[in-house]
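In: Whatever this is, show me its structure:
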Amino acid sequence: MKITVVESSSNGVRLRVEGRLMGRWVEELRRTCDLHALSDGIRLTLDLADVSFADAAGIELLKELRIRLVTLLGPSSLVAEQLKA
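Out: Numbering: from 1, shown residues only. Model (predicted):
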């Protein structure tokens, strides 16, 4: 998996996530999101268009991030279906 900062400003950060969200990469994404969203008022956006698969832990993390008001952009149809469940 690869996590890239696509855009960063004083009020928001956009990360592109690519590959398979599973195993140790779930915690890596959690740490990266926590790092970029430490300050109040920073909007975090995850571009998920290039995530080909997410295991149960990955889906739970994405659901948790969504509750924390992280914007999830362009998930694949498979990931989007899992997020609905």
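In: Parallel or antiparallel, which strands does the longest strand seen in the chain pair with?
Out: Assignment by DSSP state E gives strand 43-54 as the longest strand of the chain. In the sheet, strand 43-54 lines up against strand 12-21 (parallel), strand 71-73 (parallel) (DSSP bridges).
In: Tell me which of those strands sits nearest to Leu62.
Out: With C-beta to C-beta as the criterion, Leu62 lies closest to strand 71-73 of these, at 6.2 Å. Every residue, glycine included, has its C-beta placed from N, CA and C.
In: Mind checking the pLDDT average for that closest one?
Out: Average pLDDT, strand 71-73: 95.
In: can you count the residues close to the residue nearest to Leu73 when sequence neighbours are not counted?
Out: Leaving aside its sequence neighbours, Leu73 sits nearest to Asp47 (C-beta to C-beta, 6 or more residues apart in numbering; 4.8 Å). Neighbourhood size, Asp47 [other C-beta atoms under 10 Å]: 19.
In: who's in contact with Asp47?
Out: Val6, Arg14, Leu15, Arg16, Val17, Leu73, Gly74 (C-beta atoms under 8 Å, 6 or more residues apart in numbering).
In: what bridges to it?
Out: Beta bridges link Asp47 to Arg16, Leu73, judged by DSSP bridges.
In: circling back to that earlier point, Met1 is nearest to which of the strands paired with strand 43-54?
Out: That would be strand 12-21 among these, by C-beta to C-beta, at 3.7 Å.
In: Buried by neighbour count: which residues of the very next helix or strand once past the closest one qualify?
Out: Counting by DSSP states H and E, the next helix or strand C-terminal to strand 12-21 is helix 24-36. Within helix 24-36, the residues that count as buried by 16 or more other C-beta atoms under 10 Å are Trp25, Val26, Leu29, Thr32, Cys33, His36.
In: just stretch 67-79 next, same as before
Out: Buried, per 16+ other C-beta under 10 Å, within stretch 67-79: Val70, Leu72, Pro75, Val79.
In: can you name the farthest residue from the center of this structure?
Out: Of all residues in the chain, Ser10 has its C-alpha farthest from the mean position, at 19.2 Å, by C-alpha atoms, centre = their mean.
In: So what touches the following helix or strand past the longest strand of the chain?
Out: Downstream of strand 43-54, the first helix or strand assigned by DSSP H and E is helix 56-67. Helix 56-67 is contacted by residues 21-22, 25-26, 29-30, 33, 44, 46, 48, 54, 72, 75, 79, 82-83, 85 when judged by C-beta under 8 Å, 6+ apart.
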